[in-house]
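Colleague: Sequence unavailable; structure follows:
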Ligand SMILES: [Zn+2]
């Protein structure tokens, strides 16, 4: 999905520049963006740009707009030759000349330079998203850009969400999906853990989405929002033994056969057997299992697979069979 960010290379698109101003402009590479100056302060480099706005008109009444001011907005840019760089955008605030117009002033935005509310300029935000998408941590990327963790995380969340929304291909032509819960964040001793639901394409071994919840309503809503044709194609729904996910399939994808991984079946059987062993232990001896209690001693043998059984294991289970 992150391939969408790679720049397409046109063959024969080569050029030579000798004018320093042109070189700088080419490095920024955005049409209608003027470079005002480049400043070096110790190891830190600051590039100051503004948008060429030409003749601007008011979006509300169509009359001419005048420049009110150009406030400086600073962004953490990509490092240049190993030095941290900031990009300062002199953002135009425009004013409508029509005194009767409800639109008094507004900021001239350009998402190619930086998206509204994002503290990284677009090129740095896209770069950071690719880095995190390829497996680097937000902290690593933040260190490389010499900025705060939240700055990178917010940018990655914004651009990542846009990429996910644009990428319908990952929904694929699958006929089998899987729902699985993951304990995503383990909070402190006094707060609850956070669970996420992974929706996977089990046919093509690909994650489709991760939902920050394991509640029936939220997971069912996610399925409900998918295209009808996609829902009709799903013939199999894989799940752990969770009753919630089983209900989601039953209600939202009634035509899909529910499939449970043998691992989950064995794990549940083991949990039940263990609970029975503990109950019988207390019923018979009046206390929890101790080192020399027969049931306690065979607690592991009881959970062993038949294929892993040796002569000794079978002997240890004999008294149980005789009972
Ligand atoms: Zn106006």
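Modeller: All right, it came through fine. Since this is a predicted model, take the numbers as computed values, not measurements. Residues are numbered from 1 along each chain as shown.

Colleague: Counting by contacts, list what the helix ranked longest in the chain packs against.
Modeller: Longest helix in the chain by number of residues (criterion: DSSP state H): helix 262-285. Contacts defined by 3 or more C-beta pairs under 8 Å, 6 or more residues apart in numbering; DSSP states H and E place helix 262-285 against helix 294-297, helix 299-302. C-beta: built from backbone N, CA, C; applies to glycine.

Colleague: Mind checking those for the one nearest to residue 100?
Modeller: helix 299-302 (84.1 Å; C-beta to C-beta).

Colleague: avg pLDDT for the closest one?
Modeller: Averaging pLDDT along helix 299-302 gives 84.

Colleague: Same check on stretch 227-245?
Modeller: 91.

Colleague: for stretch 55-68, same thing?
Modeller: Mean predicted confidence for stretch 55-68 is 90.

Colleague: contacting residues around that stretch?
Modeller: Residues outside stretch 55-68 that contact it (C-beta atoms under 8 Å, 6 or more residues apart in numbering) are 53, 92-98, 101-103, 105-106, 108.

Colleague: re the thing from before, for the longest helix of the chain, give me every contacting residue.
Modeller: 239-241, 287-289, 293, 295-296, 299, 302-303, 305.

Colleague: Drop anything exposed from those residues.
Modeller: With burial judged by 16 or more other C-beta atoms under 10 Å, the buried subset of the contacts of helix 262-285 is 239, 240, 289, 295, 296, 302.

Colleague: Against residue 45, how distant is the second one?
Modeller: Meaning residue 240. Residue 240 sits 52 Å away from residue 45, taking C-beta to C-beta, to the nearest Å as the criterion.

Colleague: same thing with the first one?
Modeller: When distance is defined by C-beta to C-beta, residue 239 is 53 Å away from residue 45.

Colleague: Return the residues of the chain in contact with the ion.
Modeller: 58, 60, 61, 96, 98, 101, 103 (C-beta under 5 Å from the ion).

Colleague: Tell me what the fourth one is bridged to.
Modeller: The residues paired with residue 96 through beta bridges, assigned by DSSP bridges, are residue 65.

Colleague: what sits against it?
Modeller: Taking C-beta under 8 Å, 6+ apart, one finds 58, 60, 61, 63, 65, 103, 104, 105 in contact with residue 96.

Colleague: What about the residue in the stretch 151-300 of the chain that the ion sits nearest to, how many residues nearby?
Modeller: For the stretch 151-300 of the chain, the nearest residue to the ion under the criterion C-beta to the ion is residue 158, separated by 30.1 Å. Counted with other C-beta atoms under 10 Å, the neighbours of residue 158 add up to 17.

Colleague: Please apply the same query to residue 77.
Modeller: 23.

Colleague: Excluding sequence neighbours, find me the nearest residue to it.
Modeller: residue 87 (4.1 Å; C-beta to C-beta, 6 or more residues apart in numbering).

Colleague: Could you verify my assumption that that neighbour touches residue 49?
Modeller: Yes. If you go by C-beta atoms under 8 Å, residue 87 and residue 49 touch, sitting 6.7 Å apart.

Colleague: Which neighbours do the two have in common?
Modeller: Going by C-beta under 8 Å, 6+ apart, residues that sit against residue 87 and also against residue 49 are residue 113.
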